[in-house]
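In: curious how this folds, go ahead:
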Amino acid sequence: MMKFKPSFILYLVVALLAGLLSSLSFAEGFYLFGSLGTANQENSDNTGELRSAFITGTVTGIPLSLNIPAGESVGWQTSLKSDISFSGALGYDYGNIRFELALTRNANNVKSHSGANVSGTDLASIDVGVLLSGRQGDLGISTDAFLRNGTGEIETTSLMLNGYYDFNLNGGITPFIGVGIGNASTQATFAPSNTSVLDDDDSGFAWQAIIGAQYSITDQLSLGVSYRHISIEDVSVNVDLIPAQLNIRNRSQIFEVGLRHSF
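Out: Predicted structure coming up:
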């Protein structure tokens, strides 16, 4: 059976509303907005703990397996690349004040991981076989080198209620500021050296601050540029390689250009 993602359904609803609004007299004040931009996701300092006891592999420097109890700390850092962001919104303009319901999606690829540690022990120079329970002998690659070959991504879809204040300067250009709150769903996939370390998702509270300006092309069409800082509640995911839970930081700076059509 074909399954539809919630984001696809919301896009469909917005499209249907746009068709309805364009044919109704009460549509005045409503607007549609669409944008394309670049999302610069901040690097994440991932921290968590073991969900259950973990027995290490035996490698050079660790000749005997260690039994690390549940609750001990786990962590590493993740560096992320910039990528494309898409956004669509349905809003209502009251004059100087606007409100809108906005959907934004961005997926940022992993550049690399580093600084892996378990129970306070830096694993950078230790053979990565230490992370494989029951493993006996080296794999021939350090944990740091294994993590540096980073693949994977963090994909975020947010649904926000935004409020704006427009500074009407009696000219073609209108600066604005805004804030938004809502919910964001995040899918995290980490696979350094093409080895699945985690593949999990979580959702949580999100907020953003916005600043920008728009230029009126016609009475109904305007071109806008904006900067948004979006902050999302830390993503809590399960690690597959070892029995651990990890909290991933999710903060982005988004620069975008878009078109607004007013009815």
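In: now do the helices in the stretch 101-250 of the chain.
Out: 143-148 (DSSP state H, counting those that start in this stretch).
In: without its sequence neighbours, what residue ends up closest to residue 113?
Out: Nearest residue to residue 113 in three dimensions, chain neighbours excluded: residue 147, at 3.8 Å (C-beta to C-beta, 6 or more residues apart in numbering). Bear in mind the C-beta positions are built from the backbone N, C-alpha and C, glycine included.
In: how many neighbours does that neighbour have?
Out: 24 (other C-beta atoms under 10 Å).
In: hang on, isn't it packed against residue 116?
Out: Yes. Proximity of residue 147 to residue 116 meets the contact threshold set by C-beta atoms under 8 Å, at 5.9 Å.
In: skipping adjacent residues, who's closest to residue 228 in space?
Out: residue 254 (4.4 Å).
In: how close does the one you found sit to residue 62?
Out: 44 Å (C-beta to C-beta, to the nearest Å).
In: which one of the two has more residues nearby?
Out: Neighbour totals were compared for residue 254 and residue 62, and residue 254 leads with 21 against 16 (other C-beta under 10 Å).
In: mind telling me what element the more buried one is part of?
Out: For residue 254, the element it lies in under DSSP states H and E is strand 244-262.
In: any idea of the mean pLDDT in that strand?
Out: Averaging pLDDT along strand 244-262 gives 94.
In: next: stretch 180-199.
Out: Here the average pLDDT along stretch 180-199 is 91.
In: output the lowest mean pLDDT helix or strand found in this structure.
Out: Least confident element among the helices and strands of the chain, by mean pLDDT, DSSP states H and E: helix 6-21 (a mean of 54).
In: give the contact list for residue 181.
Out: Counting by C-beta atoms under 8 Å, 6 or more residues apart in numbering, residue 181 makes contact with 160, 161, 205, 206, 207.
In: if anything else comes up later, I'll come back, but that's it for now.
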